[in-house]
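Engineer: Have a look; sequence and predicted model below, questions after that.
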Amino acid sequence: MSTLLEAEHLTKIFTQRGKESFKAVDDVSFTLKPGETLGIVGESGSGKSTLAKMITRLTDITEGTLKFEGKDITRLKHNQLKDVYGNIQMVFQNPVGSFDPRRTLGDGIGESLRNRGMKKADIEKRVAELLEQCGLSSEFAKRYPHEVSGGQCQRAAIARALAIAPRLLICDEITSALDVTVQKEILELLNALRTRQGRGLSILFICHDISLVQQFCDRVLVMYHGEIVEEGTPDEVVRKHGYKIVEDNGAIEAAVDAAFEANPDVVEKLKSGNMKPMGVIIGAVMKATRGQADAKAVTKVVMGKIKG
C-alpha cells in the first residue's frame, strides 16, 4: 500500500525573547496510508495538537521533512500550499468557536466551495448534501453556530471539512467537549463516512482517551513530552503499557466528585436539566484517569449523582 503522509524527524521549537526555548515536538517520524485511521494519544501538553498544526502548516516546522503523496511540502508557502491543502482538512475541538458567529452554518460550510468559483445554486445543493451525509437536515444551513448543540455544530464542522473531498481529515480532540452519548454518535458518523468513501479517506485522530482510540483506530502513536514513545495497534499498545479501562466505580466516583467540586457552575446547569456542559465533567474525569475510564460507567455515575 502506498504512503499518503510521511513525517520524518519533525521538530518544533518555540522561542520567546528573554525565555528559554521550548521543544514542543521532538524528532517525530511516522507514516499514514490511504484509508488508514491513525490515533495519536497523550496527556495534555504532550505535543499532539502542535503536531497537527505542523501537518496543516498552521505553525511552521523547525526541523524535519513532511511529504504528502510523495511531494515534499515542508517549506511550501502561500499559493504553493493551496493545492496540497485542498486535500488536508482539520476539525477542531471547539466547533462553535471554529465558525464565524456572524454567519450561518451554511455560509461556513460553503466557503471553500465559493473560493473555488462554484455557483450559488450549486453551493446550496452541495451544502444540503453534506449536511445530510453528516446526519443533519438541510434546514441547519440557515442556523447560526449559537443556535445548535455542540454535537450538531461538530457535525456541521465535519461537513465543512468534507466539502472539497479531502484525502486526509485531521480530528483534533473533536469529542473531548461532548458528552459520552454524542461522542459515540460522532465516532459512528466518522465510521460511516470512512465506509462510504471506501479507502479514499484517511483520518488522523488526536485524542487523550485510549478507550476511544481502541474503538476507532487502526494504529496508534503514543506521545510524551513531544516524543513518540510507542507505536502499534491499539490493543498492542494497551497490553504493552499496561493500560486498562478503569471500570471500578470507586475510582470513577472519586474522579467525578473531584470534577463536580472543580466545576460547581456546570453541576448546577446539569441539575437544572441543561445537559450541554456534560462534556466538561466527562473531560475532567477522563483527564484524571488518563483517558482510561469506561465512558458508559462515567455517564452512569454522573447521572446518578445529578438525580440523587
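Structural biologist: Sure, I can see it.

Engineer: hey, let's count contacts and neighbours off CA atoms from now on
Structural biologist: OK.

Engineer: And the strands in the stretch 51-200 of the chain?
Structural biologist: For the stretch 51-200 of the chain, the strands defined by DSSP state E, counting those that start in this stretch occupy 63-68, 71-72, 88-91, 168-172.

Engineer: residues in contact with the first one?
Structural biologist: Applying CA atoms under 8 Å, 6 or more residues apart in numbering, the contact partners of strand 63-68 are 4-12, 27, 55, 72-74, 84.

Engineer: Quick check: which ranges of the stretch 151-300 of the chain have low pLDDT?
Structural biologist: Counting by pLDDT under 70, the stretch 151-300 of the chain contains low-confidence ranges at 197-199, 241-249, 276, 290-292, 294-296.

Engineer: can you give me the helices in it?
Structural biologist: For the stretch 151-300 of the chain, the helices defined by DSSP state H, counting those that start in this stretch occupy 180-196, 210-216, 234-241, 249-262, 264-271, 278-288, 295-307.

Engineer: Just the buried residues of the fifth one, please?
Structural biologist: Of the residues in helix 264-271, those buried under the neighbour-count criterion (16 or more other CA atoms under 10 Å) are Val266, Val267, Leu270.

Engineer: hmm, who's touching it?
Structural biologist: For helix 264-271, contacts defined as CA under 8 Å, 6+ apart pick out Phe260, Met275, Lys276, Pro277, Met278, Val280, Ile281, Ile306, Lys307.

Engineer: Most neighbours among these, which one?
Structural biologist: Ile281 (27 neighbours; other CA atoms under 10 Å).

Engineer: Spatially, what comes nearest to it if we skip its sequence neighbours?
Structural biologist: Ala259 (5.7 Å; CA to CA, 6 or more residues apart in numbering).

Engineer: tally of neighbours for the one you found?
Structural biologist: Around Ala259 there are 21 residues (other CA under 10 Å).

Engineer: can you tell me which residues contact it?
Structural biologist: Contacts of Ala259 by CA under 8 Å, 6+ apart are Ile281, Ala284, Val285.

Engineer: Confirm for me that Asp172 is in contact with Gln93.
Structural biologist: Yes: when contacts are counted by CA atoms under 8 Å, Asp172 is listed as touching Gln93 (5.8 Å).

Engineer: So between the two, which is more surrounded?
Structural biologist: Neighbours around Asp172 and Gln93, counted as other CA under 10 Å, are more numerous at Asp172. The numbers are 22 against 19.

Engineer: Specify the beta-bridge partners of that one.
Structural biologist: Ile206 (DSSP bridges).

Engineer: That concludes my questions; thank you for your assistance.
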